[in-house]
Every structure is written in C-alpha cells, then in structure tokens.
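*Asks:* missing the sequence, but the structure's below:
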C-alpha cells in the first residue's frame with residue numbers, strides 16, 4: 001500500500017507532507033519523494049488530508065452496551081469493532097472493583113480473545129481496582145474494595161497471560177506500598193481512587209508508582225496549603241497522568257492548566273467510557289454492578305455521581321483542541337503518550353519506519369475519512 005501526498009504527523013510530533021509505503025501492516029518507508037507503484041498495489045491519495053497514528057485508549061470500560069467486565073468474547077469483539085471505527089486502533093480496556101474470582105475470569109477471557117477483522121487490537125488490560133480507597137470509590141462498588149496483596153495481583157497478572165499493564169492503587173491504604181515495591185517491575189502502578197495526601201502520594205511514587213488514574217477525579221484536589229497527590233505527581237518527571245476530556249469530568253480551564261503543568265509528554269488523554277458510549281440518550285446501563293443513567297451526554301449513578309464517560313477517545317481528543325490545546329499536543333496525548341505510558345511505544349503510537357501501520361486519515365475538521373491498520 002502507498003499513501004501519498006498526505007500531511008503526516010511524524011515521529012517528531014510535527015506535520016509534514018510525505019509519502020508512506022506499507023507492507024504487511026508495517027510502515028516500510030517514509031519519503032518526500034515519489035514512491036514507485038507495483039502492479040496491483042493499493043494507492044491512497046491523501047491530498048488535503050492529515051494522517052495521524054491510530055489512537056490508543058488505555059482506560060475505558062465499554063461501549064455499545066458492552067463492557068470488559070461482561071467477560072465474554074462477544075462483548076470484547078463489539079467493543080473492539082466500535083473503537084476501531086472511531087480511529088482507536090489499539091486498546092487497553094479496564095476492569096472495575098469486583099471479586100477476585102470475577103476479575104480472574106475477565107483477565108482470562110481477554111487473554112484468550114482472538115482478534116477478528118475490523119477490531120482494534122487489545123494490547124493490555126487496565127485493573128482499575130480493587131486496591132482503592134473506600135472513601136473514594138466514585139462509581140466503583142465499595143462492597144468489593146480489597147486490601148492490596150502481592151499474591152492477589154500476581155494471580156491476576158498470570159490469569160491475563162501477562163496482558164495486564166496497569167493497576168490503580170491507593171498508596172495510603174494498608175498493604176499498598178509493599179505491593180508496589182514487590183511488583184513494580186512486573187506492572188505499572190497508578191495512583192487513583194485515593195484519599196492520599198501529598199506525603200502519602202510521594203511515598204507511593206518512591207515505592208514505584210509511575211502513573212495517575214483520571215487525574216482530578218476521585219482524589220483530593222490541588223490546593224495551596226494541602227497540595228495533595230496532584231502536586232506530588234507534577235513534581236516528578238517520571239509520572240504520567242490521565243485526563244478524561246469528555247467535557248463533563250473536567251472543566252476546560254483545568255485541562256489547559258494540566259497541559260501547562262505537566263508538559264507535552266506526560267499527559268495521556270483517556271475516555272473512561274462505559275457501555276453507554278455509542279448508545280442513545282435516556283437509557284439505563286450497568287457499570288460494575290450499579291445502574292448508570294445516560295442523559296444529555298452524561299452518565300450518572302442514581303445519586304447524581306458522574307460515572308464513567310459516554311464519549312469515545314477520538315471525540316475526547318477533538319475536545320482538547322476545542323479547549324485550546326495545540327493540535328500537535330492533543331494528537332500526541334491520545335497516541336504516543338498513551339502507548340508510552342504502558343511501555344508499548346516501540347511498536348505503536350507514532351508514524352515511523354518499522355512500526356505498525358495503524359493510521360487514521362482525517363480532514364481539516366478532524367472528521368474521520370479512513371482507518372488503516374492490521
């Protein structure tokens with residue numbers, strides 16, 4: 001395949017008009033000169049279009065009335081096809097706080113899933129719980145919150161066949177620091193659903209935490225006398241942080257502040273979408289055993305608590321641009337930064353020779369024209 005004359009988002013995070021040669025799903029050559037066409041080779045004329053890497057959502061629960069926690073091959077397939085149709089070509093879906101037996105089943109089903117045509121590729125699993133603070137459960141079920149235990153987590157990693165990439169943890173809770181220290185080389189820990197103060201967050205980072213789950217949400221805020229976990233993360237360059245940019249979870253001003261505070265390479269845009277994503281307004285859906293109500297684009301629990309979002313990652317990326325984030329930073333946060341946060345950047349996340357040719361062609365208004373990928 002040849003993709004010619006497109007404005008391509010290059011590995012240096014700048015757009016340039018170049019031609020791409022793709023062989024067997026991999027980017028073989030990038031050049032500003034004309035590429036010779038072989039007989040029968042597919043040629044895509046991308047004049048007037050932008051070519052960006054396929055997006056990677058490292059934190060979403062479901063879409064199209066399906067959820068990873070359904071623990072069925074059918075649900076995963078429905079989710080993966082929807083995501084790819086929206087330019088999200090690689091996914092790291094998230095579990096909820098559930099009993100160990102259920103989490104084991106979810107991990108096993110995801111590990112054994114055989115990808116079919118038109119699906120996004122599962123490159124990881126995100127364990128959002130159960131090692132969280134009972135005081136900051138958000139839309140999680142408090143009944144299943146569990147003390148952090150090394151053997152518990154080892155069992156989940158094994159059940160997933162090593163597919164597990166992230167686990168949310170409240171560093172102030174009993175057993176958390178020991179768990180982080182013991183398994184920091186096997187999985188990336190993420191501060192989230194936490195009541196941690198600044199000092200407790202620092203202790204978690206020193207123990208080995210390297211990520212933060214949906215920053216601003218389900219954690220103490222950033223204030224001048226009680227700086228909390230957000231300040232702890234901001235001070236340490238090894239920390240990456242997630243932002244839900246659906247337009248409801250975080251005010252646009254705070255999104256702009258986060259990009260200024262953390263810089264271009266530490267923000268990871270996520271959707272945190274639930275099964276209500278892609279569904280009609282006014283419906284009732286399920287999330288972690290609790291009923292979620294979708295109205296006016298917002299998914300809420302019965303008491304009004306905002307649950308997971310109902311917006312896909314591509315739309316979240318476009319939202320960040322609408323909020324004033326420069327285009328290059330917005331694209332980077334939803335593509336390269338996300339895969340780097342889970343250690344997969346050598347294969348995915350940018351347009352470079354030798355990488356997987358997951359590509360999205362968009363027009364000037366960021367309307368998807370074509371999704372290309374293995």
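*Replies:* Yep, that arrived. All values reported here derive from a predicted model rather than from experimental measurement.

*Asks:* How confident was the prediction at the residue at minimal distance from the centre of the chain?
*Replies:* With the centre of the chain defined as its mean C-alpha position, the nearest residue by CA atoms, centre = their mean is residue 58, 2.3 Å away. pLDDT recorded at residue 58 is 98.

*Asks:* neighbours of the nearest residue to it once chain neighbours are set aside, just the number please.
*Replies:* Distances taken as CB to CB, 6 or more residues apart in numbering place residue 92 nearest to residue 58, at 4.1 Å, with adjacent residues excluded. Every residue, glycine included, has its C-beta placed from N, CA and C. Neighbour count of residue 92, defined by other CB atoms under 10 Å: 26.

*Asks:* cool, and the one 4 residues further on?
*Replies:* When neighbours are defined as other CB under 10 Å, residue 96 has 26 of them.

*Asks:* so what pLDDT did it get?
*Replies:* 94.

*Asks:* For it, which non-adjacent residue is spatially closest?
*Replies:* residue 288 (3.5 Å).

*Asks:* quick one, what contacts that neighbour?
*Replies:* 69, 96-98, 139-141 (CB atoms under 8 Å, 6 or more residues apart in numbering).

*Asks:* can you rerun that using 6 Å?
*Replies:* Contact analysis of residue 288 by CB atoms under 6 Å, 6 or more residues apart in numbering lists 96, 140-141.

*Asks:* and if you look at residue 211?
*Replies:* Neighbour list for residue 211: 188, 190, 240, 341 [criterion: CB under 6 Å, 6+ apart].

*Asks:* Could you do residue 1 as well?
*Replies:* 22, 42.

*Asks:* ditto for the one 3 residues further on
*Replies:* Taking CB under 6 Å, 6+ apart as the contact definition, residue 4 lies against residue 19.

*Asks:* Return the distance of the residue nearest to residue 238 when sequence neighbours are not counted relative to residue 125.
*Replies:* Of all residues not flanking residue 238 in the chain, residue 210 sits nearest, at 5.7 Å (CB to CB, 6+ apart). Distance of residue 210 to residue 125, given as CB to CB, to the nearest Å: 17 Å.

*Asks:* What distance do you get for the residue nearest to residue 96 to residue 36?
*Replies:* Relative to residue 36, residue 288 is positioned 54 Å away (CB to CB).

*Asks:* same question, residue 239
*Replies:* Distance from residue 239 to residue 36, by CB to CB: 46 Å.

*Asks:* Name the residue in the two with the higher neighbour count.
*Replies:* residue 239 (22 against 7).

*Asks:* Look at that one and report its pLDDT.
*Replies:* 98.

*Asks:* Run through the bridge partners of the nearest residue to residue 282 once chain neighbours are set aside.
*Replies:* Nearest non-adjacent residue to residue 282, counting by CB to CB, 6+ apart: residue 295, 6.2 Å away. With DSSP bridges as the criterion, residue 295 is bridged to residue 298.

*Asks:* burial of residue 295, as a residue count?
*Replies:* For residue 295, using other CB under 10 Å, the count is 12.

*Asks:* in the stretch 201-350 of the chain, which spans are helices?
*Replies:* 228-234, 252-262, 313-322, 327-334, 336-341 (DSSP state H, counting those that start in this stretch).
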